[in-house]
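Provide a 3D model corresponding to the input given below.
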Amino acid sequence: MSKSPTISFIGAGNMASAIIGGMLDSGFKASNIWASAPDDGHLQSIRKRFGISVTTDNRYCAQQADMVVLAVKPQAMADVCHDIAPIAQNTRPLMVSIAAGLGADTLDEWLGGGLPVVRVMPNTPSLVGKGAAGLFANESVSSAQKEMVQSVFEGIGIAVWVEDEALLHGVTALSGSGPAYFFLMLEALEAAATEAGVNPETARQLAIQTMAGAAEMAAKSEHDPAQLKKNVMSPGGTTEQAVNTFEEGGLRDLVKKAYSAAYKRSEEMAKELAGKE
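Residues are numbered from 1 along each chain as shown. Below is the predicted model:
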């Protein structure tokens, strides 16, 4: 990979735009970024926004690249991979997929085989620069290529490697689906406060800031979540009563069941998608 690699995005939706924005903020040159998509009108808005090069031709886009980011929906991935496979086999770029469920071996097969492939499981907070991504590389990926992928995804949050591709199911159930879990908690807290008479707008503001503050404390504290929880609780106080109610209601078991359900569905999707060419 060159010192100033060219990175092409096949697909230019919200996640691709978030990644491109993070790359530019991190110092990547717009002149080294390409994007392709079927809708030229959308591409032109992307070009004006970021100053990157665009095309409706996936093959031409892939041909420019040292690294190709496959940012299309899983259901469209087989067709896209088969289309650009001749180019990929000729230029041998690093292939990076942000599609959930599709295994590295399946992607490599669709691309003609023998290519360096990295799978990335990003999440929606990447859209605001607070993403959490799990990354897996097949054996053909070099150390330099891994560093490049990590630098790209650290532009929109944190990026953590896993050694076993199967662990991406766990990442999906944790950080991939996780934002919805916290939105559910936010929704429930807001509703409870509103029913108690707190103005809905006030309830939302306080709930959001409380969640954000708790996350920031957890990120910066030397203590684990159990200790941080204890630090808020006074014997016989309001927090203790609330936490005891959560515990007695089986919150831990419910979270475990929800996580397991997401994990299982991720495994099922991988098998389903691998069989759809």
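
pretty sure N58 contacts S36?
Yes: in this structure, N58 is within contact of S36 by CB atoms under 8 Å, at 4.9 Å. To be clear about C-beta, it is placed using only N, CA and C from the backbone, and glycine gets the same treatment.

Those two: who's more crowded?
S36 (27 against 23; other CB atoms under 10 Å).

and the strand or helix carrying L107, which residues are buried?
For L107, the host element (DSSP states H and E) is helix 104-110. For helix 104-110, a neighbour-count test (16 or more other CB atoms under 10 Å) marks 104, 106-110 as buried.

and the residues you listed as JSON lines, adding pLDDT and distance to S126?
Formatted as JSON lines, the buried residues of helix 104-110 follow (pLDDT from 0 to 100; distance: CB to CB, whole Å):
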{"residue": "A104", "pLDDT": "95", "distance to S126": "21"}
{"residue": "T106", "pLDDT": "93", "distance to S126": "24"}
{"residue": "L107", "pLDDT": "95", "distance to S126": "21"}
{"residue": "D108", "pLDDT": "96", "distance to S126": "25"}
{"residue": "E109", "pLDDT": "95", "distance to S126": "28"}
{"residue": "W110", "pLDDT": "96", "distance to S126": "25"}
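
Please identify the one among those residues that lies nearest to E267.
T106 (13.8 Å; CB to CB).

and the closest one, what does it touch?
Contacts for T106 were tallied using CB atoms under 8 Å, 6 or more residues apart in numbering; they are 273-274.

What of E165?
E165 neighbours (CB under 8 Å, 6+ apart): 103-104, 119, 136.

what about it, which helix or strand?
Counting by DSSP H and E, there is no helix or strand that carries E165.

now do V118
Using DSSP H and E, V118 falls within strand 117-121.

Could you tell me the angle between the next helix or strand after that strand and strand 117-121?
Counting by DSSP H and E, the next helix or strand C-terminal to strand 117-121 is strand 131-137. Put simply, strand 131-137 runs at 150 degrees to strand 117-121, going by axes from the mean of the first three to the mean of the last three CA atoms, to 10 degrees.

Now do strand 131-137: which elements does it pack against?
On a contact count with 3 or more CB pairs under 8 Å, 6 or more residues apart in numbering; DSSP states H and E, strand 131-137 meets strand 117-121, helix 143-153, strand 157-161, helix 167-171.

most neighbours per residue, which of those?
Stretch with highest mean neighbour count among these: strand 117-121 (a mean of 25; mean count of other CB atoms under 10 Å).

rewinding a little: from the chain's centroid, how far away is the helix holding L107?
20 Å (CA atoms, centre = their mean, to the nearest Å).
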